[in-house]
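Novice: My questions concern the predicted model and sequence given below.
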Amino acid sequence: MTKMFTRQQIAASALIGSGLARLSRHWRSGEACVLTFHGVRAPGESSGLLDESLHTPQNLFRDLCAHLAANYNVLPLHEISATLMRGEALPDRAVALTFDDGYESNYLLAYPTLREFGLPATIFLCTGFIDGTIQPWFHRLELAMARATARLVDIRVGAVTLRFKSGSPAARGAALPMVLRAFKHLQHSAVEENLNRLIDALQPEDGDIPVPLRAVTWTQARELRDGGLINFGAHTHTHPILGRCTTEAAREEIITSRDRITEELGVTPSMFAYPNGHDDDYTADTMGLLHEAGFRAAFTMTPGFAQPGKGTYQLPRYGSPESLQQAEATLSGAFETFKNWRQKMRRAFAIWM
């Protein structure tokens, strides 16, 4: 993780210093950059997690918001999606902020900063998580890993045999990406049984839900709605990967999340974010179900800039930046420009060879 972070930092600094970020801002005129956050973490807070990367430090989040307010045009996501549906160009330096799942820290820590700078945002709610009827499977997995008392795990998950040491936080942290990857490739119907077997093998200690994993309440969500800066979209009811669900299971997840938001907030959501959100995490059938349920736009986690005329059920988003330099290299389009140049050079070289 540290090595990758350093490489990203070096690349971002180089792209900004070279002037490519400034040029890319001009070249990306009429497009939008959508950033994805999950939770926000208070300074010095002991998270109890193995992986804190989904929970942006509060001081970094504030610095990012200050940078956005000074240099970019942060718009409500529904305005961006409506403009794209009309096939019109977006305002220069258009950016939207989104949060996935619905963590309480969105209300306690992110919202005061958004309000300070007057920045709108959209929260995509996993409604079973907000209802308190489920703890998402990946939360349960990580907590079991973090609290494991077993020193060694040897278990088969789907087509993959997982063997890893679990006797120290460092060993469990190193194994977590591999374990999550194995579960994300399972059919949804197989997740619960395999997760229960893994938890049994890990023999975790009991404990309370850590602060970063606590859900926003519907009362807090209504307060956010009434503040005028926050809109809400749907993110399924129990957070399955929809491409691993049957058609009926996917339909139920989509409709239940839509209906729970409508019941609690009095507004029917028109936007949706795919759980996990990579190319094989949703299908043409999934997009058809969203259209059938009345959603007008859906967002992936495929990186890229949203452009007019590209369709609105596979809109791209970037993950949350880990520094101001990464943020600027992403928001300006410098990372995207460099990636496109490198791909063109590789194709040219392959033809020449």
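Specialist: Received it, and whenever you're ready, just let me know what you need. It should be emphasised that the depicted structure is a prediction, and the values quoted were computed from it without experimental measurement.
Novice: you'd agree Phe129 is up against His239?
Specialist: Yes: Phe129 is within contact range of His239, at 7.0 Å (criterion: C-beta atoms under 8 Å). Glycine gets a C-beta too; all of them are placed from N, C-alpha and C.
Novice: so what sits against both of those two?
Specialist: Asp101, Pro136 (C-beta atoms under 8 Å, 6 or more residues apart in numbering).
Novice: contact partners of the helix or strand hosting His67?
Specialist: Counting by DSSP states H and E, the element that carries His67 is helix 58-71. Helix 58-71 is touched from outside by 37, 40-43, 56, 74, 93, 95, 97, 109-110, 113-114, 116-119, 321-324, 327-328, 331, with contacts defined as C-beta under 8 Å, 6+ apart.
Novice: Then stretch 178-194?
Specialist: 137-138, 141-142, 145, 157-160, 162, 164, 195, 198, 240-241, 244-246, 249, 276.
Novice: Extract the CA atoms of the helix holding His67 and return them as CSV.
Specialist: Extracted C-alpha coordinates of helix 58-71, given in CSV (Å, rounded to 0.1, in the frame of the first residue of the first chain):
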residue,chain,number,x,y,z
GLN,A,58,-11.0,14.6,8.3
ASN,A,59,-8.2,17.1,7.8
LEU,A,60,-7.5,15.9,4.3
PHE,A,61,-11.2,16.0,3.5
ARG,A,62,-11.3,19.6,4.6
ASP,A,63,-8.2,20.5,2.5
LEU,A,64,-9.8,18.9,-0.5
CYS,A,65,-13.0,20.8,-0.1
ALA,A,66,-11.1,24.1,0.3
HIS,A,67,-9.2,23.2,-2.9
LEU,A,68,-12.4,22.4,-4.8
ALA,A,69,-14.1,25.6,-3.6
ALA,A,70,-11.2,27.7,-4.8
ASN,A,71,-10.5,26.0,-8.1
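Novice: How many neighbouring residues does Glu263 have?
Specialist: By the measure other C-beta atoms under 10 Å, the count of residues near Glu263 is 11.
Novice: Could you verify that it is part of a helix?
Specialist: Yes: Glu263: assigned to a helix according to DSSP: H, G, I helix; E, B strand; the rest coil.
Novice: And the strands in the chain?
Specialist: In the chain, the segments counted as strands under DSSP state E are 32-37, 39-41, 55-57, 73-74, 94-101, 121-125, 152-157, 160-165, 230-234, 271-273, 297-299.
Novice: Adding mean neighbour count, mean pLDDT and distance to Ala284, write these out as a markdown table.
Specialist: Converted to a markdown table, these look like this (neighbours: other C-beta atoms under 10 Å; pLDDT from 0 to 100; distance: least, C-beta to C-beta, whole Å):
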| stretch | mean neighbour count | mean pLDDT | distance to Ala284 |
| --- | --- | --- | --- |
| strand 32-37 | 23 | 97 | 22 |
| strand 39-41 | 25 | 96 | 32 |
| strand 55-57 | 22 | 95 | 33 |
| strand 73-74 | 17 | 97 | 32 |
| strand 94-101 | 25 | 98 | 23 |
| strand 121-125 | 26 | 98 | 21 |
| strand 152-157 | 15 | 96 | 28 |
| strand 160-165 | 14 | 95 | 27 |
| strand 230-234 | 24 | 98 | 19 |
| strand 271-273 | 26 | 98 | 15 |
| strand 297-299 | 25 | 98 | 12 |
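Novice: pLDDT wise, what is Pro43 at?
Specialist: Looking at Pro43, its pLDDT stands at 86.
Novice: For it, grab the count of nearby residues.
Specialist: By other C-beta under 10 Å, neighbour count at Pro43 equals 8.
Novice: just checking, it touches Thr56?
Specialist: No: at 11.5 Å, Pro43 does not count as touching Thr56 under the criterion of C-beta under 8 Å.
Novice: quick one: contacts for the closest residue to Glu223 other than its chain neighbours?
Specialist: The shortest distance from Glu223 to any non-neighbouring residue, by C-beta to C-beta, 6 or more residues apart in numbering, is to Tyr107 (7.4 Å). Shown in contact with Tyr107 (C-beta under 8 Å, 6+ apart): Val216, Gln220, Ala221, Glu223, Leu224.
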